[in-house]
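Peer 1: sequence plus predicted model, see below.
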Amino acid sequence: MKKVLIILLSMVFSLSLAGCAGNSDTTTEPPAKSTDEPKEQVDQTPPNNDTDDSPENSNGNNDSDDEPISVSETAQTILQLLKNKDMKTLSTHVHPDHGLLFSPYVYVYPEEAIKLKAAEVEGFFEDQEKYVWGVRDGSGEPIELTPSEYYEEFIYTHDYHTVDPIIDEVHQRGNALNNIKEVFPEATVLEFHVEGTEKYSGMDWGSLNLVFQEDSNGVFYLVAIVRDQWTI
């Protein structure tokens, strides 16, 4: 009996050892860290370049001040307006204080000459009133004409737009004395001179003098239109 008990105890001990061994083999280790974890997202949005602080982009325009239009460019504009009889636009170029003086000859009589304000120049061709613009060379008769008639006889009488201007040079072309610079000492004078033809031995020449006064901002305003032609 004692022998049987010993055998039973041995069997129980053996089973206990086998159970411990089995438990140790089935122990699970924590899983290894996956190498497929999502990577950190990188912002690939292009940088915003709208921070350009150049003058042109900051205010929508180039901040360089516009240079005043030169007297030559202004004169060419005036000449084209005269050719087109566009006195409405031309009136915007008339000096706001001095107005516009008209002289049929190169010797200017400032006290007797017709002077029109800008508003009067605007309606130049609509004005049917006759004015005395001066006296005719040779006869001494008064030049009594409407503005339209005066234009035809003493303003745009030649193709002045086909010639280049002569700037601030006094030329004594006929018998009449040129006193424009004496009447307008601070002005800039541009002469558009068209030579005469052989048919009339060159005596049918004509000049149109545009007289400009510059203001403190460098803007040239028209103060006089002076006609020059052959005189007796």
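Peer 2: Received it, and whenever you're ready, just let me know what you need.

Peer 1: quick one: name whatever helix or strand follows the lowest-mean-pLDDT helix or strand in the chain.
Peer 2: Of all helical and strand segments in the chain, the minimum by mean pLDDT, DSSP states H and E falls on helix 55-59, at a mean of 36. The helix or strand immediately downstream of helix 55-59 is helix 71-83, counting by DSSP states H and E.

Peer 1: and that next one, how far out from the chain's middle?
Peer 2: In this view, helix 71-83 has its centroid 17 Å away from the chain centroid, taken as C-alpha atoms, centre = their mean, to the nearest Å.

Peer 1: now for it, which elements pack on it?
Peer 2: helix 87-90, strand 188-194, strand 206-214, strand 220-229 (3 or more C-beta pairs under 8 Å, 6 or more residues apart in numbering; DSSP states H and E). For every residue, glycine as well, the C-beta is placed using N, CA and C.

Peer 1: got the ones you listed as JSON lines, with mean neighbour count columns?
Peer 2: Formatted as JSON lines, those follow (neighbours: other C-beta atoms under 10 Å):
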{"stretch": "helix 87-90", "mean neighbour count": "18"}
{"stretch": "strand 188-194", "mean neighbour count": "21"}
{"stretch": "strand 206-214", "mean neighbour count": "22"}
{"stretch": "strand 220-229", "mean neighbour count": "23"}
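
Peer 1: mind checking which of these is nearest His171?
Peer 2: Proximity to His171 (C-beta to C-beta) singles out strand 188-194 among the helices and strands packed on helix 71-83, at 6.9 Å.

Peer 1: then that closest one to CSV, C-alphas only?
Peer 2: Presented in CSV, the C-alpha positions along strand 188-194 are these (Å, rounded to 0.1, in the frame of the first residue of the first chain):
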residue,chain,number,x,y,z
THR,A,188,7.8,129.6,-75.0
VAL,A,189,7.1,130.2,-78.6
LEU,A,190,6.8,127.5,-81.2
GLU,A,191,6.7,128.6,-84.8
PHE,A,192,5.3,126.3,-87.6
HIS,A,193,6.6,127.8,-90.8
VAL,A,194,5.5,126.7,-94.3
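
Peer 1: what angle sits between that strand and strand 220-229?
Peer 2: Orientation note: strand 188-194 sits at an angle of 40 degrees relative to strand 220-229 (axes from the mean of the first three to the mean of the last three C-alpha atoms, to 10 degrees).

Peer 1: just checking: what are the partner strands of strand 188-194?
Peer 2: According to DSSP bridges, strand 188-194 forms sheet pairs with strand 166-167 (antiparallel), strand 206-214 (antiparallel).

Peer 1: reformat those strands as CSV; add mean pLDDT and distance to Ile155.
Peer 2: What follows is those, written out as CSV (pLDDT from 0 to 100; distance: least, C-beta to C-beta, whole Å):
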stretch, mean pLDDT, distance to Ile155
strand 166-167, 95, 18
strand 206-214, 97, 7
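
Peer 1: how close does the closest residue in space to Pro104 that isn't next to it in sequence get to Asp168?
Peer 2: Excluding the flanking residues, the one nearest Pro104 by C-beta to C-beta, 6 or more residues apart in numbering is Phe154, at 4.4 Å. Phe154 sits 23 Å away from Asp168, going by C-beta to C-beta, to the nearest Å.

Peer 1: ok, those two, which is more surrounded?
Peer 2: Ranked by neighbour count (other C-beta atoms under 10 Å), Phe154 and Asp168 place Phe154 first, with 22 against 12.
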